[in-house]
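1. Predicted model follows, preceded by the sequence.
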Amino acid sequence: MPSILRRSRRRELTLTKSFTGAIQEKVHPLQRFPELISCSSLIVDRPDFCPSSPSPSITKSPDFARPSLTFSIYRSPISNLQHHPIHTLPPELLIRIFELGSFDDALFLIVISHVCHPWRMLALHTHTLWRRLSFCSHGLRLWRERIARARGCSLDVTITPPQHHIPDMDALALQLHLLVPHISRARSFELRFSSYSPFLWNTTLGPVCCQEQRDDDMGRHTFTPSVHALQLEKLTLCYPENDDTKEFTLFAGVAPQLHNVTLDGIRLTWLPELYGRLTYLDYTHHGFTTGPTAVDEVLGMIRVSCALRELRICFRRRVLDGEVLYLSHDNVPAGQTHLLQLERLVLAVDESDIDIPPELISLLSRLSVPNLRELHLVDLRFQPTNRRWWMPAPFLGLRDTLSLFQVTIPSSIKVLAIAGRWADHSSIPALAKHFRELDNLEVDGVEEDLIPM
């Protein structure tokens, strides 16, 4: 006997209006915010997603072809949450704001990624925002997270402890050892220290100087490329208080894209493989050598980096307890050193010097710069804000140096800038008469009128 509870026929399935609306609310949340779709289309393109049994209303909608990442960026998981007008800004503009803020605060990106869901998704999916590694109290944990989020992007390493602050040597060593496996991704590498600490260069540069030696099948010695800086473009090493006379060989001699170097207070092995392609060099001599030895050392560097377009030179005096042994790697000829591509030359005098260093004059007399366009004479003691009340006396040997300029500097230069103790107003007319093609003459940061002679 058939049961009275069994249905006589099976009920047909129908797609009700309420059920369709619920599905659209979950699958297609941007339908109520069409003004956000134009902004979201700038984020990323992904293949179209088509459900197995789409409804006619969904398949005809042009917004259904947008990727799921767009929904996660411009749509909060909370369905009833109303959107702020700031979400109508183009993603490129928000990314630029995030990038500028990250330069001032190492934790800025962490903070903005916790403001709201759209900002978090935008920050996490923009890998270039996480490329900057700076020295801070959060150390290894923050560095590991930034390296992971940067994915395959190049890295910008900046270790600049606060002024008059002794850096934590253990933290520096741990961070540099963490960086070594990723040194091939470094785009810029900057180390600046203003306070003295013993063995500071050994601690920071040791990991990027080491070379692991191996024997190949033929019995020859080879080196692993673990410290090769394959993407490095800019190198900055500044430590004026350094007292370590050791000579460092960086990155196992391999940095094929390096073109910008700033050095202050360090001795480096000047290899053509590392520094032969430089176009910019800002060099402050370490002071461990003086006189003709220092001049030969700098000339040897310039001969290797003969493709320079901008050169900044400064010689600093240093009081040493004993003599520093310097072994020249190349015999510098007695003649002139030619820099055929040099366009800008900056000669600086340290604030502690009372006169123009003789090394600077000797170096200038042995340089040939036929295509020079700009000459800047800088006094590091001079500050533009003090020019109204500070009137320094010119250098004692200034007139002889300016006479040398008329011989070594081509008369076709376009820009001449003089500041501080380089400025001798009685000699300016003679300079303007010699450099007849000057377009710009600056004295203490103020542009002077050029009167035809």
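-> Cool, the structure landed. As the structure is a prediction and not an experimental result, all values here were calculated from the model.
2. who does L133 bridge with?
-> As for beta bridges, L133 partners with V157 under DSSP bridges.
3. Is it in contact with W143, as I believe?
-> Yes - assessed by Cβ atoms under 8 Å, L133 is found in contact with W143 at 5.6 Å. The way it works is simple: take the backbone N, C-alpha and C, and place the C-beta from them, glycine included.
4. Mutual contacts of those two, please.
-> Taking Cβ atoms under 8 Å, 6 or more residues apart in numbering as the contact rule, L133 and W143 both touch 175, 179.
5. which regions of the chain lie under the pLDDT threshold?
-> Applying pLDDT under 70 to the chain flags the ranges 1-15, 19, 22-84, 136-139, 210-225, 319-335, 384-390, 448-453.
6. cutoff 80 now
-> Low-confidence segments of the chain (pLDDT under 80): 1-89, 102-107, 135-141, 162-168, 210-226, 318-335, 382-392, 425, 444-453.
7. And the residue nearest the centre of it?
-> Centre of the chain computed as the mean C-alpha position; nearest residue by Cα atoms, centre = their mean is S188, 4.6 Å away.
8. Wasn't that one part of a strand?
-> Yes - assessed by DSSP: H, G, I helix; E, B strand; the rest coil, S188 belongs to a strand.
9. OK, contacts around it?
-> S188 touches 156-158, 232-236, counting by Cβ under 8 Å, 6+ apart.
10. where exactly do the helices run in the stretch 351-453 of the chain?
-> Along the stretch 351-453 of the chain, counting by DSSP state H, counting those that start in this stretch, helices occupy 358-365, 398-408, 428-434.
11. In the stretch 201-350 of the chain, what residue spans correspond to helices?
-> According to DSSP H, counting those that start in this stretch, the stretch 201-350 of the chain carries its helices in the segments 272-275, 291-304.
12. now those helices in TSV, with distance to R381 and mean neighbour count?
-> Output for these, formatted as TSV (distance: least, Cβ to Cβ, whole Å; neighbours: other Cβ atoms under 10 Å):
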stretch	distance to R381	mean neighbour count
helix 272-275	30	18
helix 291-304	21	18
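13. now those in CSV, with distance to L122?
-> Below are these laid out as CSV (distance: least, Cβ to Cβ, whole Å):
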stretch, distance to L122
helix 272-275, 39
helix 291-304, 45
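14. Could you report the neighbour count for the spatially closest residue to D350 that is not a sequence neighbour?
-> Excluding the flanking residues, the one nearest D350 by Cβ to Cβ, 6 or more residues apart in numbering is R316, at 4.8 Å. Using other Cβ atoms under 10 Å, R316 has 19 other residues around it.
15. next one: L107
-> A count of nearby residues for L107, using other Cβ under 10 Å, gives 12.
16. could you pull out the strands for the stretch 301-450 of the chain?
-> Assigned by DSSP state E, counting those that start in this stretch, the stretch 301-450 of the chain shows strands spanning 310-315, 337-338, 344-349, 367-368, 374-379, 415-418, 440-443, 446-448.
17. Counting by contacts, list what the second one packs against.
-> With contacts defined as 3 or more Cβ pairs under 8 Å, 6 or more residues apart in numbering; DSSP states H and E, the packing partners of strand 337-338 are helix 291-304, strand 367-368.
18. got the contact list for that strand?
-> Contact partners of strand 337-338, identified using Cβ under 8 Å, 6+ apart, comprise 299, 302-303, 306, 366-368, 370.
19. Next: the fifth one.
-> With contacts defined as Cβ under 8 Å, 6+ apart, strand 374-379 is touched by 343-349, 351, 392, 405, 409, 413-422.
20. what does the first one give?
-> By Cβ under 8 Å, 6+ apart, the surrounding residues in contact with strand 310-315 are 279-285, 287, 294, 298, 302, 339, 342-350, 357, 359-360, 363, 380.
21. List the pairing partners of it within its sheet, with orientation.
-> Here, using DSSP bridges, strand 310-315 pairs with strand 280-285 (parallel), strand 344-349 (parallel).
22. what's the angle from it to helix 291-304?
-> Angle of strand 310-315 versus helix 291-304, following axes from the mean of the first three to the mean of the last three Cα atoms, to 10 degrees, is 160 degrees.
23. can you give me the offset of strand 310-315 from its chain's centre?
-> Chain-centre distance of strand 310-315: 19 Å, with Cα atoms, centre = their mean, to the nearest Å.
24. pull the CA atoms of it into PDB?
-> C-alpha atoms of strand 310-315 as PDB (Å, rounded to 0.1, in the frame of the first residue of the first chain):
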ATOM      1  CA  GLU A 310      80.100  64.500 -13.700                       C
ATOM      2  CA  LEU A 311      83.000  64.500 -11.200                       C
ATOM      3  CA  ARG A 312      83.000  65.900  -7.600                       C
ATOM      4  CA  ILE A 313      86.300  65.900  -5.800                       C
ATOM      5  CA  CYS A 314      87.200  66.900  -2.200                       C
ATOM      6  CA  PHE A 315      90.400  66.200  -0.200                       C
END
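25. Give me the angle between it and strand 374-379.
-> Using the same axes, to 10 degrees: strand 310-315 against strand 374-379 is 30 degrees.
26. In PDB, list the C-alpha atoms belonging to stretch 201-208.
-> Output in PDB follows, covering the C-alpha atoms of stretch 201-208 (Å, rounded to 0.1, in the frame of the first residue of the first chain):
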ATOM      1  CA  TRP A 201      83.000  49.000   7.700                       C
ATOM      2  CA  ASN A 202      84.100  45.400   8.500                       C
ATOM      3  CA  THR A 203      80.600  44.700  10.000                       C
ATOM      4  CA  THR A 204      78.600  46.200   7.200                       C
ATOM      5  CA  LEU A 205      80.700  45.500   4.100                       C
ATOM      6  CA  GLY A 206      82.100  42.100   5.100                       C
ATOM      7  CA  PRO A 207      79.000  40.100   4.000                       C
ATOM      8  CA  VAL A 208      79.100  41.700   0.500                       C
END
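27. Mind listing what's buried along it?
-> By 16 or more other Cβ atoms under 10 Å, the buried positions in stretch 201-208 come out as 201, 203-205, 207-208.
28. do the same with stretch 348-359
-> By neighbour count on 16+ other Cβ under 10 Å, the buried set for stretch 348-359 is 348-350, 353, 356-357, 359.
29. And for stretch 156-164?
-> Per 16+ other Cβ under 10 Å, stretch 156-164 contains these buried residues: 156-159, 161.
30. cool, stretch 90-109 as well?
-> Within stretch 90-109, the residues scored as buried using 16+ other Cβ under 10 Å are 91, 94-95, 98-99, 102, 106, 108-109.
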